[in-house]
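**Student:** Quick one, structure for this:
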Amino acid sequence: MTTETIPCIDLAPSFQPAGRLDVAETIREACETIGFFTIVGHGVADSVIDDLQSQARAFFALPADEKLRVPHPPTRVSRGYFPPKHRALSYSLGKTAPPDWQEGYAMGPLDPVPHALAGTPAGDFFYAANIWPADRPEFRTAFETYFRALDRLSAHVLRLFALGLGLGFDFFDDKIDRSTSVMRAVWYPPQPEP
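**Tutor:** Predicted coordinates:
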């Protein structure tokens with residue numbers, strides 16, 4: 001493998017036991033040589049991806065007042081709608097710059113807060129309620145379906161990492177059984193001026 005391009009790894013063989021080790025080895029090599037890889041053959045149906053994109057684009061095309069009906073909470077929890085210029089990556093880098101043009105919609109875990117975290121600050125933060133437009137049930141369905149598909153995919157990729165590290169295929173399973181993942185759909189509106 002060269003380090004001139006980011007490798008594209010086909011995961012399809014890894015969904016059968018006979019193909020897992022070869023794919024895991026390819027992932028290990030990519031991580032050790034360049035540190036990044038992209039994937040194809042991931043098993044997420046095109047219809048699931050297309051539906052999410054369609055719903056997200058339709059939402060971002062709405063007038064601002066409609067999108068602001070589902071605003072992010074005043075806490076720093078990543079849920080709901082974030083209008084343009086609300087975020088600024090530069091501040092996380094310790095630099096001052098104009099805010100980002102992006103607008104976004106964020107959601108978090110779909111499963112209830114684990115019993116051990118219920119009523120704790122961590123439980124309240126990581127398992128904060130998702131915020132959905134009341135008049136767009138298909139939007140919620142598309143986001144939840146895509147989120148679950150990517151949650152399953154990320155667990156599968158982590159199992160391949162385990163194999164690449166010489167561990168058992170299910171080594172990480174009991175360490176990722178309470179996902180706190182956040183998913184954001186992001187839109188950069190056209191800029192009429194530089």
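**Student:** any low-confidence regions in the chain?
**Tutor:** Under the criterion pLDDT under 70, the flagged ranges of the chain are 1-3, 87-91.
**Student:** 80 instead?
**Tutor:** For the chain, the stretches with pLDDT under 80 are 1-4, 84-101, 191, 194.
**Student:** Okay, helices next: where are they in it?
**Tutor:** Per DSSP state H, the chain has helices spanning 17-33, 46-60, 64-67, 89-92, 121-126, 137-164. These are given in chain order.
**Student:** Does anything pack onto the longest one? Which helices or strands?
**Tutor:** To tie it back to what came earlier, the one meant is helix 137-164. With contacts defined as 3 or more CB pairs under 8 Å, 6 or more residues apart in numbering; DSSP states H and E, the packing partners of helix 137-164 are helix 17-33, helix 46-60, strand 103-107, strand 183-187. No exception for glycine: its C-beta is placed from N, CA and C like everyone else's.
**Student:** and residue 73, which of these is closest to it?
**Tutor:** With CB to CB, the closest approach to residue 73 among the helices and strands packed on helix 137-164 belongs to strand 103-107: 10.4 Å.
**Student:** ok now the closest one, how far from the chain's centre?
**Tutor:** Counting by CA atoms, centre = their mean, to the nearest Å, strand 103-107 is centred 11 Å from the centre of its parent chain.
**Student:** Check which helices and strands that strand sits against.
**Tutor:** helix 46-60, strand 80-82, helix 137-164, strand 183-187.
**Student:** can you list contacts of stretch 183-194?
**Tutor:** For stretch 183-194, the external contacting residues (CB atoms under 8 Å, 6 or more residues apart in numbering) are 52, 56-57, 59-60, 78, 84, 101-108, 143, 146-147, 150.
**Student:** May I see the PyMOL selection of the buried members of those?
**Tutor:** In PyMOL, the members of those classed as buried (16 or more other CB atoms under 10 Å) are selected with the following command:
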select buried, resi 52+56+59+60+78+102+103+104+105+106+107+108+143+146+147+150
